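K.L.:
Based on what follows, work out the 3D shape:
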Amino acid sequence: MRLDTRFTFDTLVVGGGNRLAAAAARAVAEQPGSAYNPLFVYGTTGLGKTHLMGAIAQLAMQLQPGIELEYLSLEEFMGQMHAAISAGELETFTRRYEAVGMLLLDDVQFIAGRRETQGELLRLFERMQMQGSQIVLTSDRPPSELDDVDDRLVSRLSGGLIVDVTAPDFETRVAILRTLCRERKLAFRDGMLEELARFEFNNVRELQGALNRLAAHQAIGLADVAPRPSRQAQRPVNEFESFLSEVASAVQEHVESWRTRLRERIAYWSGEGYRTGVLQRALDLQKEPDLDGLLATYTAAVEHLKRLEKAASGADERLGADPVFRDPERLGEAEDLVERALSGQTPPAAPNASFQREGFDVGPSNQLAAHAADEVVAAPGATYNPLLIHGPSGVGKTHLLHAIGNALALGAGDGEATRAVGCVHAQKFMDGLIAAIQNGTVERWRTRYAGVSALLIDDVQFVAGKERTQEEFFALFNTLVSEGRQVVLTSDRPPGEIPDLEARLRSRFEGGLVVAIQPPDRTLRERLFTRYLEHAGRPAPPELVHTLAEQPVQSVREIIGVVNRLGAVADASNAPLTPQLARAELGMPTPLAGVPAVQRSRGTRDASFLDVEKVIWEWPAVADRLIEEYR
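P.N.:
Numbering: from 1, shown residues only. Modelled structure (predicted):
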């Protein structure tokens, strides 16, 4: 989508209906990837969502001139994706968007029912967030109300900050009308705009349409208006500047047509994601170079890079995103990288370094899984092999998986070499196998995975029903386990509940240790709220933490979303984040006066049973508990 230069924060009228969204949008533009990621803005049509998107994009480019930014509608995104699929260039399409620093997608409600697009978006969002890229989305409804959308994608969309924009109130409508009149040099009788604003328009576009009708009546003398400004005053302010710009462009094109042509090619190749340093330097030449020869040489180098990138992706799909394939001046480095990939010297993807064990908070709902992870790191391949961790989306399975991988990769000390740890999503594992089958390089694919010291597969339930993938994974699994190399898996359910999973794989998964991670219990919720409040630079007093932890949540992402939302509300209202503010924003009931905080959501039960989520952990006699359960 083309950016409209009118859509800036300076021209945005902020009122009660969009104050929180505007504050969050500015924070995202000023610190992409670190404030609220993703930022999800929803509201009915005509309320200024597109204005907010344009303002974010323009401020972000102004503050970070080198940022790679993509702004488009979901329909445009799907059109590009389908074209890439038709051309057999889906990986190139995906890598292009993975390289951007900020992605703005408008009207994501149209994702409903489009499973293929949902899968690509989910994978793209995961990779972008891991590398700190900012994602901003708009919709006509919140994520939880999007129909026929994968729960994992809904969870991902809900993990940042969700804000709504509502119809402007009276004061905001007056401010919008006055702003529009100032921009268009319109003047009306005192009180006319206030009278117009008393009508409760559903959106800003209806308000603007009403002003247009009033202006039309004024033009033919049907409105009681102030003296009309002169024709010179009615002329748009930038009309003369636009005329001069067009004249200057024409002169430049006539006098220095070669530079114009070169700039066009620079803009084209830059838009394709390639470095254009050699062409940029040619612009500084005093005399016209051999432009045809220069452009032909550059184009040939780009085409060679495309062939090398395709070859590298066939050997190792991760290499396709390497920046060396985007710079014609690094052609030699690209050739060396491809040669190493074709010789099988590139291992599978390593774990994400941002997920460390010390950053994984432990409570009753996940302490068994954390203990098992520590045991695996202490004695890889000996204690629990394989280790399978299962649980619903967003409870920390991926974090713990990568944390295990990072700890294993460090080696055991005492001079032991760093281990080669492969950590991939099951979908990537399958995609790599499919590409190897297509390219006739299955043996090289097997060699890459068979050479790891430890293999970690995320969301292993996706291999179910894929006959060839299960066959290859079965052989690889046997090789690794028989040689004492560690295998760790995650799934959204235990092995016995994964449909279409071969019995031989199910029995091997269950032959190690199968351990669950449940949604955060109250103890863990308090720790997580404390962590993420402090991470956001906000105080975490016990009273606030106790209040936030009262209501159960299903995932860590929900906790992050709550912290982000409350922080944005506090910033927008210029007020501290207090338990009272949290209760009001989250719709929580007001506690009874005089009841201690720890009892507010539990009544006045016996003190030894204040926390029902801890009862089983504090039971004094396990045998008595078992008798009670099975009596």
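K.L.:
which stretches of this protein have low pLDDT?
P.N.:
1-2, 216-256, 314-318, 320, 340-341, 343-346, 411-418, 591-631 (pLDDT under 70).
K.L.:
Could you identify the longest helix within it?
P.N.:
In the chain, assigned by DSSP state H, the helix with the most residues is helix 291-315.
K.L.:
which outside residues touch stretch 80-90?
P.N.:
Here stretch 80-90 makes contact (C-beta atoms under 8 Å, 6 or more residues apart in numbering) with 72, 92-93, 117, 120. Glycine gets a C-beta too; all of them are placed from N, C-alpha and C.
K.L.:
Which ones among the residues you listed lie within strands?
P.N.:
Secondary structure from DSSP state E places residue 72 of the contacts of stretch 80-90 in strands.
K.L.:
Which secondary structure state does residue 490 sit in?
P.N.:
Under DSSP: H, G, I helix; E, B strand; the rest coil, residue 490 falls in the strand class.
K.L.:
Go ahead and confirm it touches residue 459.
P.N.:
Yes - taking C-beta atoms under 8 Å as the definition, residue 490 is a contact partner of residue 459 at 6.2 Å.
K.L.:
how much space between residue 518 and residue 97?
P.N.:
Distance of residue 518 to residue 97, given as C-beta to C-beta, to the nearest Å: 34 Å.
K.L.:
Neighbour count: the two, which is higher?
P.N.:
residue 97 (21 against 17; other C-beta atoms under 10 Å).
K.L.:
Would you state the helices of the stretch 501-631 of the chain in chain order?
P.N.:
Remark: helices assigned in the stretch 501-631 of the chain by DSSP state H, counting those that start in this stretch are 503-510, 522-535, 542-548, 556-573, 579-586, 615-618, 622-630.
K.L.:
okay if I get those as a markdown table plus distance to residue 393 and mean neighbour count?
P.N.:
Below are the helices of the stretch 501-631 of the chain laid out as a markdown table (distance: least, C-beta to C-beta, whole Å; neighbours: other C-beta atoms under 10 Å):
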| stretch | distance to residue 393 | mean neighbour count |
| --- | --- | --- |
| helix 503-510 | 19 | 15 |
| helix 522-535 | 16 | 20 |
| helix 542-548 | 21 | 19 |
| helix 556-573 | 8 | 21 |
| helix 579-586 | 22 | 16 |
| helix 615-618 | 25 | 11 |
| helix 622-630 | 29 | 9 |
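K.L.:
Residue 192: which of the ones you listed is closest?
P.N.:
Shortest distance between residue 192 and the helices of the stretch 501-631 of the chain, using C-beta to C-beta, is found for helix 556-573: 31.3 Å.
K.L.:
and stretch 11-22, which residues are buried?
P.N.:
12-15, 17-22 (16 or more other C-beta atoms under 10 Å).
K.L.:
Among the residues you listed, which pair sits farthest apart?
P.N.:
The most widely separated members of these, counting by C-beta to C-beta, are 13 and 20 (14.7 Å).
K.L.:
quick one: which of residue 490 and residue 459 has more around it?
P.N.:
It is residue 490, of residue 490 and residue 459, that has more neighbours when counted by other C-beta under 10 Å, with 24 against 20.
K.L.:
contacting residues for the nearest residue to that one once chain neighbours are set aside?
P.N.:
In space, and not counting its chain neighbours, residue 490 is closest to residue 397: 4.2 Å by C-beta to C-beta, 6 or more residues apart in numbering. By C-beta under 8 Å, 6+ apart, the contact set of residue 397 is 389-391, 458, 490, 517.
K.L.:
Compare the residues you listed and tell me which has the most neighbours.
P.N.:
Neighbour max across those (other C-beta under 10 Å) = residue 389, 27 neighbours.
K.L.:
Show the contacting residues for that residue.
P.N.:
Residue 389 makes contacts with 369, 372-373, 397, 400-401, 488-491, 515-517, as judged by C-beta under 8 Å, 6+ apart.
K.L.:
The stretch 351-500 of the chain: helices as residue ranges?
P.N.:
So, for the stretch 351-500 of the chain - with DSSP H, counting those that start in this stretch - the helices run 367-378, 397-409, 426-439, 442-450, 467-482.
K.L.:
Pick the most deeply packed of those helices.
P.N.:
When you average the neighbours per residue for each of the helices of the stretch 351-500 of the chain (mean count of other C-beta atoms under 10 Å), helix 397-409 leads with a mean of 23.
K.L.:
Could you find the closest non-adjacent residue to the most centrally placed residue in the chain?
P.N.:
When the chain is reduced to its mean C-alpha position, the closest residue under C-alpha atoms, centre = their mean turns out to be residue 125, at 4.0 Å. Distances taken as C-beta to C-beta, 6+ apart place residue 156 nearest to residue 125, at 5.4 Å, with adjacent residues excluded.
K.L.:
So that neighbour sits against residue 126, correct?
P.N.:
Yes - here residue 156 reaches residue 126: they are 7.2 Å apart, a contact under C-beta under 8 Å.
K.L.:
Of these two, which one has the most company?
P.N.:
residue 156 (21 against 15).
K.L.:
returning to what we had before: which stretch among the helices of the stretch 351-500 of the chain comes nearest residue 189?
P.N.:
helix 397-409 (62.9 Å).
K.L.:
The closest residue to residue 561 other than its chain neighbours: how many residues sit nearby?
P.N.:
Closest residue to residue 561 apart from its sequence neighbours, by C-beta to C-beta, 6+ apart: residue 158 at 5.3 Å. Counted with other C-beta under 10 Å, the neighbours of residue 158 add up to 21.
K.L.:
Can you give me the end-to-end span of stretch 105-119?
P.N.:
One end of stretch 105-119 to the other measures 16 Å (C-alpha to C-alpha, to the nearest Å).
K.L.:
Next, the buried residues of it.
P.N.:
By 16+ other C-beta under 10 Å, the buried positions in stretch 105-119 come out as 105-111, 114, 117-118.
K.L.:
ok, now stretch 69-80?
P.N.:
Buried, per 16+ other C-beta under 10 Å, within stretch 69-80: 69-74, 77-78.
K.L.:
same thing with stretch 276-283?
P.N.:
276, 279, 282.
K.L.:
Give me the residues contacting it.
P.N.:
259, 262-263, 265-266, 269-270, 289, 291, 294-295, 298, 327-329.
K.L.:
re the thing from before, now render the buried residues of stretch 11-22 as TSV, adding distance to residue 43.
P.N.:
Below are the buried residues of stretch 11-22 laid out as TSV (distance: C-beta to C-beta, whole Å):
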residue	distance to residue 43
12	14
13	15
14	14
15	13
17	8
18	8
19	13
20	11
21	8
22	12
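K.L.:
contacting residues around the closest residue to residue 55 other than its chain neighbours?
P.N.:
Using C-beta to C-beta, 6+ apart and skipping residues adjacent in sequence, the residue nearest residue 55 is residue 9, 4.7 Å away. Residues near residue 9 by C-beta under 8 Å, 6+ apart: 22, 25-26, 29, 55, 59.
K.L.:
any idea how far residue 9 lies from residue 567?
P.N.:
19 Å.
K.L.:
before we move on, which element is residue 83 in?
P.N.:
Using DSSP states H and E, residue 83 maps to helix 74-86.
K.L.:
Residue 70 now?
P.N.:
Residue 70 belongs to strand 69-73, assigned by DSSP H and E.
K.L.:
check contacts around the residue nearest to residue 125.
P.N.:
Residue 156 sits in contact with 38, 122, 125-126, 557, where contact means C-beta under 8 Å, 6+ apart.
K.L.:
what comes up buried for the helix or strand harbouring it?
P.N.:
Residue 156 is part of helix 151-157 when elements are defined by DSSP H and E. Residues of helix 151-157 classed as buried: 152-157 (neighbour count, 16+ other C-beta under 10 Å).
K.L.:
measure stretch 572-585 end to end?
P.N.:
13 Å.
K.L.:
now stretch 96-111
P.N.:
Terminal residues of stretch 96-111 lie 20 Å apart, using C-alpha to C-alpha.
K.L.:
next one: stretch 506-526
P.N.:
Taking C-alpha to C-alpha, stretch 506-526 runs 36 Å from one end to the other.
K.L.:
Check stretch 447-457 too.
P.N.:
By C-alpha to C-alpha, the extent of stretch 447-457 from end to end equals 17 Å.
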